[in-house]
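Asker: Prediction below, plus the sequence it came from.
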2 protein chains.
Amino acid sequence: MKSAQQTDLNASTEEKIKEAARIVFTRKGYAATRTRDIAEESGYNLALINYYFRSKEKLFDIIMLEQLQVFVQSISGIVNDQTTTLQEKINLLVSHYIDMLIANPGLPIFIMNEVNANPEKFISKIGIDVGIKDVFILKQWHEMAERHNAPTINPLHLIMNLVSMTVFPFIASPLLRNKTEMSVEEFNSMMMERKKLIPIWIMAIVQSTFDS
Amino acid sequence: MKSAQQTDLNASTEEKIKEAARIVFTRKGYAATRTRDIAEESGYNLALINYYFRSKEKLFDIIMLEQLQVFVQSISGIVNDQTTTLQEKINLLVSHYIDMLIANPGLPIFIMNEVNANPEKFISKIGIDVGIKDVFILKQWHEMAERHNAPTINPLHLIMNLVSMTVFPFIASPLLRNKTEMSVEEFNSMMMERKKLIPIWIMAIVQSTFDS
DNA sequence: GTCTATATACGGATAGAC
DNA sequence: GTCTATCCGTATATAGAC
């Protein structure tokens, strides 16, 4: 899959429909998109959707699975890497995520909304390579806490903070950009700033936890 | 409006339908809810929805406006209060928001999703009392920056961090709780912990910005 | 494989009885 | 005010021509 997920003019009909479906589904969500929208976006006829994918829901499931992959892909690789420090992991995660989200700004709202609407349906599909327990980054965190002889605060707080500061701005972006009359370009450049800032902030948070 | 937004058994039919609509709309979103769902939730017949509210969309607009109010209410009051310090404002904002979100956990996804689906429709309705510029909290921020003789980082970063760390966990909650096999109660008590932690973290972030 | 035309189901809305 | 029954537009899905 292309990281920017742009339309490939040389793709097969099936691929073009999938790509059109991705665009429309991620923009409007499952319930609000009509198969006609997808047909129109793809440039093909409505009947072809069923010819290739049998039903709107089956097509959606394929798209959703792929987008979930995009959303979590390579986290596992970064987070379990035994050769990088905690600091390097944080840098990589934030940088990777912000790049991915600038390329796919609608992804977080889409995923959170659909998972919320249908938790049982998709959550089982995510797991496997993103198990939160026993990842190497947490071992490193505990070691750091021990070095500081500090009470181990729930490390989930740390992960929450990291993901929150990275992902949430994209979720709030429609609201934020309008309220502050910010352009997409200005918003993106703020996010690029945050690639450097968030790791610094996370470390400051870690320190404050040990200090108190 | 009741802050916990619970069903009032003594309410009028119209109120009961509104309450049912709020529950279903905020859980499934506009597109995915059927007027039949609202009727069922309310205990009344489907026809009464149109009798009282003329159409699904008019009912939705009423709900959406009210929920936007809930979401931003009293921010303005806290943020522009000339008698409180920056630190106090942060404490109040986080504490108020976490209480509100524990009572209405589905609200952020709902609002972000609907605003995203229809930016032009609702954004104009939010503004007025939440204008981001010229609020007192930002003046205090600039003063603090000057006292530290520090380069003024875009204060939007600070607000982003505050709101992100407070609101995003509720957005990710369906996904997070399932992946970590956390109960709602456990999640909520983590959020209660964060009422104390987030202000500390925000101050640590502020300091790190000035130090670098 | 791709189209047009159509069957079928579903959801929003209303008529009319009580 | 509240219900049952029903209308009608719209959306998914399929049949069948090319």
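Answerer: Sure thing, it's come through.

Asker: mind listing what's buried in the helix ranked longest in chain A?
Answerer: With secondary structure taken from DSSP state H, chain A has its longest helix at helix A:184-211. Of the residues in helix A:184-211, A:187-188, A:190-191, A:194-195, A:197-202, A:204-206, A:208-209 count as buried by neighbour count, 16 or more other CB atoms under 10 Å in any protein chain shown. All C-beta atoms are positioned from the backbone trio N, CA, C, and that covers glycine.

Asker: Contacts only, for the closest residue to residue A:27 other than its chain neighbours.
Answerer: Among residues not flanking residue A:27 along the chain, residue A:106 sits closest, at 5.9 Å (CB to CB, 6 or more residues apart in numbering or on different chains). Counting by CB atoms under 8 Å, 6 or more residues apart in numbering or on different chains, residue A:106 makes contact with A:26, A:27, B:116.

Asker: Against residue B:67, how distant is residue A:106?
Answerer: Distance, residue A:106 to residue B:67, using CB to CB, to the nearest Å: 22 Å.

Asker: now swap in residue A:117 and tell me
Answerer: Here the criterion is CB to CB. By it, residue A:117 lies 17 Å from residue B:67.

Asker: ok, now residue A:91?
Answerer: Counting by CB to CB, the gap from residue A:91 to residue B:67 is 38 Å.

Asker: Between helix A:184-211 and the helix or strand hosting residue A:88, find me the angle.
Answerer: Assigned by DSSP states H and E, residue A:88 belongs to helix A:86-103. Interaxial angle, helix A:86-103 versus helix A:184-211 (axes from the mean of the first three to the mean of the last three CA atoms, to 10 degrees): 160 degrees.

Asker: State the mean pLDDT of the longest helix of chain A.
Answerer: For helix A:184-211, the mean pLDDT works out to 94.

Asker: which helices and strands does it pack with?
Answerer: Helix A:184-211 sits against helix A:86-103, helix A:155-180, helix B:155-180, helix B:184-211, with contacts defined as 3 or more CB pairs under 8 Å, 6 or more residues apart in numbering or on different chains; DSSP states H and E.

Asker: Assign a three-state SS to residue A:22, would you?
Answerer: Three-state assignment for residue A:22 (DSSP: H, G, I helix; E, B strand; the rest coil): helix.

Asker: Count the neighbours of it for me.
Answerer: By the measure other CB atoms under 10 Å in any protein chain shown, the count of residues near residue A:22 is 24.

Asker: got it, and residue A:180?
Answerer: Residue A:180 - counted by other CB under 10 Å - has 14 other residues nearby.

Asker: confidence score at it?
Answerer: 83.

Asker: My guess is it contacts residue B:156. True?
Answerer: Yes. In terms of CB atoms under 8 Å, residue A:180 counts as a neighbour of residue B:156; the distance is 7.0 Å.

Asker: So chain A: which segments form each domain?
Answerer: For chain A, the structural domains run A:13-66, A:73-211, going by automatic domain parsing.

Asker: and the last one, how far apart are its ends?
Answerer: For domain A:73-211, the first and last residues are 34 Å from each other (CA to CA, to the nearest Å).

Asker: With the first one instead?
Answerer: Domain A:13-66 has an end-to-end distance of 18 Å (CA to CA).

Asker: re earlier: quick check: pLDDT value at the residue nearest to residue A:27.
Answerer: Residue A:106 carries a pLDDT score of 97 in this model.

Asker: what about it, distance to residue A:62?
Answerer: Using CB to CB, residue A:106 is found at 18 Å from residue A:62.

Asker: low-scoring stretches of chain A, by residue?
Answerer: A:1-4, A:127-134, A:212 (pLDDT under 70).

Asker: mind redoing it with 50?
Answerer: Along chain A, segments meeting pLDDT under 50 span A:2.

Asker: Work out which residue lies at the spatial centre of it.
Answerer: The centroid of chain A falls nearest to residue A:71 when counting by CA atoms, centre = their mean (3.5 Å).

Asker: Quick check: it vs residue B:18, distance?
Answerer: Residue A:71 sits 35 Å away from residue B:18 when distances are taken as CB to CB.

Asker: Check residue A:149 too.
Answerer: 55 Å.

Asker: just residue A:32 next, same as before
Answerer: The value you get for residue A:32 to residue B:18, if CB to CB is used, is 23 Å.

Asker: Ok, residue A:198 next?
Answerer: From residue A:198 to residue B:18 the distance is 41 Å (CB to CB).

Asker: do the same with residue A:142
Answerer: Applying CB to CB to residue A:142 and residue B:18 gives a distance of 49 Å.

Asker: Neighbour count: those two, which is higher?
Answerer: Neighbours per residue (other CB under 10 Å) separate residue A:142 from residue B:18, with residue B:18 holding more: 20 against 11.

Asker: Report whether the helix or strand encompassing the more buried one contacts DNA strand D.
Answerer: Per DSSP H and E: residue B:18 is located in helix B:13-32. Yes. Among the residues of helix B:13-32, B:13, B:14 lie within reach of DNA strand D under CB under 7 Å from any atom of the strand.

Asker: other SSEs contacting that helix?
Answerer: By 3+ CB pairs under 8 Å, 6+ apart, helix B:13-32 packs against helix A:13-32, helix A:107-117, helix B:35-42, helix B:46-53, helix B:56-72, helix B:107-117.

Asker: Thank you, goodbye.
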